[in-house]
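Chemist: Structure of the sequence below:
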Amino acid sequence: MEGLHMDLKRAEESNLIKGAFVGSSNYPISHLFYADDALLLSECNEVYMSNLLSILHSFFFYLALGLKINVAKSCVYGVGMSDDELLYVSNRIGCGKGVMPFEYLGLQVGSNMNLVNNWKPLIEQTVLNELEKIRMTFFWGRSDNIKKITCVKWDNVLACFEKGGLAIESLKAFNLALICKWIWHFSTSNGGIWVHVIRAIHGSHGGLDNRGCHVLGIWQNMIKLFSSAQEKGWLIQNPIRSKVHC
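Modeler: Model prediction:
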């Protein structure tokens, strides 16, 4: 996929193709890769489409790497396009006409991801409680056939040694730590497409300054959790060495 990436970047720099633009700074994105899947973004222009197809069937990508794009199994999706326009493009490329939203890796792409229902196919809302219940059942030696009395509150078991607990890691705290780790990565990263996208949408500080996030969404919710953890004194203030305390 590295060869395809280089071909697409050169074509974009030469204005042979034009991808999508994100945020007020118009950060360009022409392609995204995940494993052996490729998501190609392009302006609805016949010249760009022809150039894009030429790249996919190029000598380097097909003969040198031995890879071949199965266009018939691919789909084209349109944003702000009529059904007739989308049908024309799909016929021009020779692939199927997709409908938004569509499912990828268990999630609905094109849906409002601020709604809990759109995350349920990937993870249930009560997953942390269910996982804690499984751990608690195992810890107390219970089963479907064996019932035992709970001697100590589970919150006390999860507490630090200094607070009289057994320092069993809280899944809720661990999840918060992982969320805050993304903030840490953003603060210390020198680049990366996801960092550029966050900055294009929420400003150069990514919503960590006094202005906050510019757009409602998942990143805004992560910033709120991070700020709440800081206000409660759960985080060391230096973002480079942040960690969650018990």
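
Chemist: residues touching Leu56, list them.
Modeler: With contact taken as C-beta atoms under 8 Å, 6 or more residues apart in numbering, Leu56 is in contact with Leu4, Ile69, Val71. Backbone N, C-alpha and C define where each C-beta goes, glycine included.

Chemist: Spatially, which residue comes closest to the second one, not counting chain neighbours?
Modeler: If the residues on either side of it in the chain are set aside, Ile69 comes closest to Leu56, at 4.6 Å by C-beta to C-beta, 6 or more residues apart in numbering.

Chemist: Could you measure from the one you found over to Leu4?
Modeler: Remark: distance between Leu56 and Leu4 (C-beta to C-beta, to the nearest Å) = 8 Å.

Chemist: How about His205?
Modeler: Counting by C-beta to C-beta, the gap from His205 to Leu4 is 33 Å.

Chemist: residue ranges with poor pLDDT in this structure?
Modeler: Across the chain, the ranges flagged by pLDDT under 70 are 1, 59-68, 116, 120-126, 144, 235-246.

Chemist: quick one: which of His205 and Leu4 has more around it?
Modeler: Set His205 next to Leu4 and count neighbours by other C-beta atoms under 10 Å: Leu4 wins out with 20 against 15.

Chemist: Does anything pack onto the strand or helix carrying the more buried one? Which helices or strands?
Modeler: In this assignment (DSSP states H and E), Leu4 forms part of helix 2-13. Packed against helix 2-13 by the contact rule (3 or more C-beta pairs under 8 Å, 6 or more residues apart in numbering; DSSP states H and E) you find strand 31-34, helix 46-56.

Chemist: Please state the offset of the top helix by length along the chain from the chain centre?
Modeler: Counting residues, the longest helix found in the chain (DSSP state H) is helix 171-188. How far helix 171-188 lies from its chain's middle: 14 Å, per C-alpha atoms, centre = their mean, to the nearest Å.

Chemist: What residues of that helix count as buried?
Modeler: For helix 171-188, the neighbour count (16 or more other C-beta atoms under 10 Å) marks Leu176, Ala177, Ile179, Cys180, Ile183, Trp184, Phe186 as buried.
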